[in-house]
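*Asks:* predicted coordinates and the sequence they were generated for:
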Amino acid sequence: MPAATKDAVLGSAVDLAREVAIGLAEDPSDVGEYLGLVVEGERLVSHRFASAARGYRGWEWTVTVARVPRGRTATVCEAELLPGPDAVLGQAWLPWSERIRPGDIGPGDVLPFKADDPRLEPGWTPTGDPELDDVAIDELALARVRVLSPQGRDEAAERWYRGPHGPTSAGSLASAAACGSCGFLVPIQGSLGTVFGVCANQWSPDDGTVVSVDHGCGAHSETDSEAPPTDWPAADPLIDELSLELVNLAQSAAQAAPRASAPAETIEAPVADDAVEATVDDDTVDAPVEVDAVDATEADVAEPVDEPDTAPEPDAAVDPDAAAADQPAARPDPEP
């Protein structure tokens, strides 16, 4: 400050500095009250004015003036709007590799290589020992330059478990069963497989993603949805009075007649004429049968049979066993 007091030329250039600040601002009212000066160096002074512009609370209009040795005129060096002690500032600038967030990588984007990534550790380098190499490469899948470190594995597990595919999501809280009992859960190897698996149900909102075994959704393989209630009353049975079923009465009566008139024994097939004559000539026939008796046996006749003129016979062959059971059968005397 003593140097500024001595430099009366620069200290008295307040009006010049205000005119420059007003010319720099969009509106003259954006330049507020005078806040004082700052001695930047020999024959170099900065005058400060409060900023009244919207969005720039705590900022200051700063105009720096200087003069040549033994000069009596102040010259403007630079003028700008700078943040003051109470200015509202944005966050500190970060490189793109540090500003990126999950989901920001698009097609064609490539992240920069990080040689000291704490989430990774060196993988397995083949040693030439078949026993060690088979265990490390085939069983543990360590044949890579770098693999997950314990820190990277813990961060992934924490992120997955606390995310939308863990047990605290809205869909999981509303589900009736957990993914651990679902048939669509594909287990994964390693220590992460004790807590997580991959969903393989195309109807699930988590299809193709890693889910925790205590996660859940409405597409569980062993659950079912309840039938929604209805306000409609149960309908009475309907009787179809329009469809007609055609029945052949003559055929039905012909099929029912033998069953009604048949004796207890099975009706045998019709007997030929020779068989009838052999039955009549049998020695068991003693007395002639009257015409009425012949008429009485017509009920047992199954089919009419034509006889010669010399010996009229019944219309059909008679079952010998059935006739013998009822009464002796005989043939009428032939006509003269």
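*Replies:* Now that the structure is in, tell me what you want to look at. Note that the coordinates shown come from a computational prediction; the quantities given were computed from them, not determined experimentally.

*Asks:* now the strands: where do they sit in this protein?
*Replies:* For the chain, strands defined by DSSP state E occupy the ranges 31-41, 44-51, 59-66, 75-83, 120-122, 146-148, 185-187, 196-199, 210-212.

*Asks:* now for those strands, which one comes closest to Ala257?
*Replies:* Among the strands of the chain, the nearest to Ala257 by C-beta to C-beta is strand 185-187 (71.2 Å). Any C-beta I mention is one placed from the backbone N, CA and C, and that applies to glycine too.

*Asks:* I'd like the average pLDDT over stretch 210-218.
*Replies:* Mean pLDDT, computed over stretch 210-218, is 95.

*Asks:* show the end-to-end separation of that stretch, please.
*Replies:* Its first and final residues considered, stretch 210-218 spans 17 Å by C-alpha to C-alpha, to the nearest Å.

*Asks:* in it, which residues are buried?
*Replies:* Along stretch 210-218, these residues count as buried under the neighbour rule (16 or more other C-beta atoms under 10 Å): 210-213, 215-217.

*Asks:* kindly report the same for stretch 70-86.
*Replies:* Quick answer for stretch 70-86 (16+ other C-beta under 10 Å): 74, 79, 81.

*Asks:* list of residues touching it?
*Replies:* Outside of stretch 70-86, the residues within contact range by C-beta atoms under 8 Å, 6 or more residues apart in numbering are 9-10, 12-13, 16-17, 20-21, 24, 44, 51, 53, 56-68, 89.

*Asks:* now a PyMOL select for only the buried ones of those.
*Replies:* Burial among these is assessed by 16+ other C-beta under 10 Å; the matching PyMOL selection reads:
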select buried, resi 9+10+13+16+17+20+21+44+51+53+56+59+60+61+62+63+64+65+66+67
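
*Asks:* tell me, how many residues neighbour Val198?
*Replies:* The tally of other residues near Val198 (other C-beta atoms under 10 Å) stands at 17.

*Asks:* what bridges to it?
*Replies:* Val186, Val210 (DSSP bridges).

*Asks:* contact partners for the residue minimising distance to the centre of the chain?
*Replies:* The residue lying closest to the centre of the chain (C-alpha atoms, centre = their mean) is Trp203, at 1.4 Å. Listed by C-beta under 8 Å, 6+ apart, the contact set of Trp203 reads Ala219.

*Asks:* and Ala177, by the same measure?
*Replies:* Neighbouring residues of Ala177 by C-beta under 8 Å, 6+ apart: 216, 220, 222-223.

*Asks:* Val213 and Val186 touch, don't they?
*Replies:* No: using C-beta atoms under 8 Å as the test, Val213 is too far from Val186 to be in contact (11.7 Å).

*Asks:* what's the overlap in contacts for the two?
*Replies:* Gly197.

*Asks:* perfect, that will be all.
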